[in-house]
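Visitor: Sequence and predicted structure are below.
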2 protein chains.
Amino acid sequence: MDFYSSQITNLVEQLSHLPGIGPKSAQRLAFYILNMPEEKVKLLSDAMMSAKKNVRYCKECCTYTDQELCPICANQKRNHKLIMVVENPRDLAAYEKTGKFDGVYHVLHGAISPMAGIGPNDIRLSELMVRLQGEVDEVIAATNKNLEGDTTAAYISKLVKPLGIRVSRIASGVPAGGDLEYIDEVTLYRALEGRVDM
Amino acid sequence: MDFYSSQITNLVEQLSHLPGIGPKSAQRLAFYILNMPEEKVKLLSDAMMSAKKNVRYCKECCTYTDQELCPICANQKRNHKLIMVVENPRDLAAYEKTGKFDGVYHVLHGAISPMAGIGPNDIRLSELMVRLQGEVDEVIAATNKNLEGDTTAAYISKLVKPLGIRVSRIASGVPAGGDLEYIDEVTLYRALEGRVDM
């Protein structure tokens, strides 16, 4: 890209390191940023640095927060005896948006994956075990419904059950609004196995 | 998004102002940035501010550059009597990648669009007219092959022909409605070869 000046080339390159941003998108973003008012670029640039500097793990649930406790763990109206374990903060956000869960979360920041060399010690499982020394009624394993998520859920169950705490797993089935003909066979089979009386 | 801390909410919001970045992508990018080493975030953040502060229009062709002249205008080996007029710097980049054009460019930063209220004075046409007072053999109208691009090309032709300078239009090898930056290099090359006098 020697037809660009070095600062533009550098900006395009830095942007193309972001996930889901290829060379074309990076170029489009770069020119968009060059066209933005300088104070807007500063807002964006400052938001990045300030978030990176100040955001850390919530000391309870390990999600990202700029306080000691995240807003959910700090909320005394939530049921702190019910812990939903998720793989990452985006999954926490997805469940929060349902507005149907009044417990608290635990964010693992990953899932066990022997293929990728990620073992139980590489995710936030020991922090979960520490929390279980308090008063906890139930742990819901809400890891993804794939090999890694299922493996992690099974591992959690093996750890938590001996403590006399209930462990559950989110249900498998046909998604709401889903047309049966487009659903994969494993999901259909699991929906049948998990059928409930009406 | 009150389940996120304020600095995270702010970062997600700033990112979602970028083009092609919806709320979900902004969230994904934000968490990716939080996971990056601080020095990498600083590189990205600095690249934005520094490019925004130092990049301006090339005083010849109006593309973006951090010098007085862009690398192409500063290159004495290019044919400065042959000017290709494009809508934006991404289109310039697309033609440079063909490696088949040895002339120079003129970047309009837009196209005439009565529907969007963009007239001839809103794009860099007067700067082009100033350049034509020097020695110029030919102006190639390489604006997009859509209504705005064609309108702009016709307007340029009307301005330039009376000066006794040849005006050509890139051939219709470029599909109608196509944005130059997404077209493959062979098609771009053929469109250049097959240009016709206007």
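Guide: Received the coordinates, thanks.
Visitor: Nearest residue to residue A:27 in space, ignoring adjacent ones along the chain?
Guide: Nearest residue to residue A:27 in three dimensions, chain neighbours excluded: residue A:12, at 5.4 Å (C-beta to C-beta, 6 or more residues apart in numbering or on different chains). Placement of C-beta: from N, CA and C, glycine included.
Visitor: What of residue A:166?
Guide: That would be residue A:138: by C-beta to C-beta, 6+ apart, it lies 4.3 Å from residue A:166.
Visitor: contacting residues for that neighbour?
Guide: Shown in contact with residue A:138 (C-beta atoms under 8 Å, 6 or more residues apart in numbering or on different chains): A:81, A:82, A:83, A:165, A:166, A:167, A:168.
Visitor: So which of the residues you listed are in strands?
Guide: Judged by DSSP state E, strands contain the following of these: A:81, A:82, A:83, A:166, A:167, A:168.
Visitor: Buried subset of these, written for PyMOL?
Guide: Buried residues within these, by 16 or more other C-beta atoms under 10 Å in any protein chain shown, are selected in PyMOL with:
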select buried, chain A and resi 82+83+167
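Visitor: Tabulate the ones in strands among the contacts of residue A:138 (CSV), appending pLDDT.
Guide: Putting the ones in strands among the contacts of residue A:138 into CSV (pLDDT from 0 to 100) gives the following:
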residue, pLDDT
A:81, 96
A:82, 94
A:83, 95
A:166, 92
A:167, 92
A:168, 90
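Visitor: The longest helix along chain A to helix B:38-54, inter-axis angle?
Guide: Using DSSP state H to define each element, chain A has its longest helix at helix A:38-54. Between helix A:38-54 and helix B:38-54, the angle comes out at 170 degrees (axes from the mean of the first three to the mean of the last three C-alpha atoms, to 10 degrees).
Visitor: just how off-centre is helix A:38-54 within its chain?
Guide: Centroid displacement of helix A:38-54 relative to its chain, using C-alpha atoms, centre = their mean, to the nearest Å, is 23 Å.
Visitor: Same question for stretch A:174-192.
Guide: The chain centroid and the centroid of stretch A:174-192 are separated by 24 Å, computed with C-alpha atoms, centre = their mean.
Visitor: Now do the buried residues in that stretch.
Guide: Using 16+ other C-beta under 10 Å as the test for burial, stretch A:174-192 gives A:187, A:190, A:191.
Visitor: do stretch A:133-151 as well
Guide: Going by neighbour count (16+ other C-beta under 10 Å), the buried part of stretch A:133-151 is A:136, A:139, A:140, A:141, A:142, A:143, A:144, A:145, A:148, A:149, A:150, A:151.
Visitor: and those, which of them are in helices?
Guide: A:148, A:149, A:150, A:151.
Visitor: Dihedrals phi and psi, the closest residue in space to the first one that isn't next to it in sequence?
Guide: Right, the one you point to is residue A:148. Spatially, and ignoring its direct neighbours in sequence, residue A:148 is nearest to residue A:111 (3.9 Å; C-beta to C-beta, 6+ apart). With angles defined as degrees, to the nearest 10, residue A:111 sits at phi -140, psi 150.
Visitor: where along chain A do the helices fall?
Guide: Under DSSP H, chain A gives helices at A:6-15, A:23-35, A:38-54, A:89-98, A:125-131, A:147-160, A:185-193.
Visitor: Check those for me and report the most buried one.
Guide: Most buried of the helices of chain A by mean neighbour count (mean count of other C-beta atoms under 10 Å in any protein chain shown) is helix A:6-15; its value is a mean of 21.
Visitor: got the angle between that helix and helix B:89-98?
Guide: 90 degrees.
Visitor: Can you give the distance from helix A:6-15 to the centre of its chain?
Guide: That offset, for helix A:6-15, works out to 30 Å (C-alpha atoms, centre = their mean).
Visitor: now that helix: mean pLDDT?
Guide: On average, the pLDDT along helix A:6-15 is 92.
Visitor: before we move on, what about stretch A:177-194?
Guide: Across stretch A:177-194, pLDDT averages out at 76.
Visitor: What's the end-to-end length of that stretch?
Guide: The first residue of stretch A:177-194 is 18 Å away from its last residue (C-alpha to C-alpha, to the nearest Å).
Visitor: Run the chain-centre distance for it.
Guide: 25 Å.
Visitor: Same check on stretch A:116-124?
Guide: 15 Å.
Visitor: Over to stretch A:31-40?
Guide: In terms of C-alpha atoms, centre = their mean, the centre of stretch A:31-40 is set 31 Å apart from its chain centre.
Visitor: and if you look at stretch A:146-159?
Guide: 16 Å.
Visitor: okay, the residue minimising distance to the centre of chain A: pLDDT?
Guide: Centroid-nearest residue in chain A: residue A:88, 1.9 Å away (criterion: C-alpha atoms, centre = their mean). Note for residue A:88: predicted pLDDT of 91.
Visitor: Verify the contact between it and residue A:105 for me.
Guide: No: assessed by C-beta atoms under 8 Å, residue A:88 is found out of contact with residue A:105, at 10.6 Å.
Visitor: contacting residues around stretch A:19-35?
Guide: With contact meaning C-beta under 8 Å, 6+ apart, stretch A:19-35 is reached by A:8, A:11-13, A:15-16, A:18, A:41, A:44, B:18-20, B:25, B:28-29, B:32, B:48, B:51-52, B:55, B:64, B:88-90, B:93, B:181-182.
Visitor: And for stretch A:117-134?
Guide: Here stretch A:117-134 makes contact (C-beta under 8 Å, 6+ apart) with A:57, A:60, A:62, A:80, A:83, A:85, A:106-112, A:139, A:148, A:152, A:155-156, A:159-160, A:163, A:165.
Visitor: can you dump the C-alpha coordinates of it into PDB?
Guide: This file holds the C-alpha atoms of stretch A:117-134, laid out as PDB (Å, rounded to 0.1, in the frame of the first residue of the first chain):
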ATOM      1  CA  GLY A 117      -5.100 -27.000  24.800                       C
ATOM      2  CA  ILE A 118      -7.500 -25.200  27.200                       C
ATOM      3  CA  GLY A 119      -7.800 -27.100  30.500                       C
ATOM      4  CA  PRO A 120      -9.900 -26.500  33.700                       C
ATOM      5  CA  ASN A 121      -7.100 -24.300  35.100                       C
ATOM      6  CA  ASP A 122      -7.200 -21.900  32.100                       C
ATOM      7  CA  ILE A 123     -10.700 -20.700  32.800                       C
ATOM      8  CA  ARG A 124     -12.200 -19.100  36.000                       C
ATOM      9  CA  LEU A 125     -13.300 -22.300  37.700                       C
ATOM     10  CA  SER A 126     -11.300 -21.900  40.900                       C
ATOM     11  CA  GLU A 127     -13.000 -18.500  41.500                       C
ATOM     12  CA  LEU A 128     -16.400 -20.400  41.100                       C
ATOM     13  CA  MET A 129     -15.300 -22.900  43.700                       C
ATOM     14  CA  VAL A 130     -14.400 -20.200  46.200                       C
ATOM     15  CA  ARG A 131     -17.900 -18.700  45.700                       C
ATOM     16  CA  LEU A 132     -19.500 -22.000  46.500                       C
ATOM     17  CA  GLN A 133     -18.100 -21.900  50.000                       C
ATOM     18  CA  GLY A 134     -20.900 -19.300  50.600                       C
END
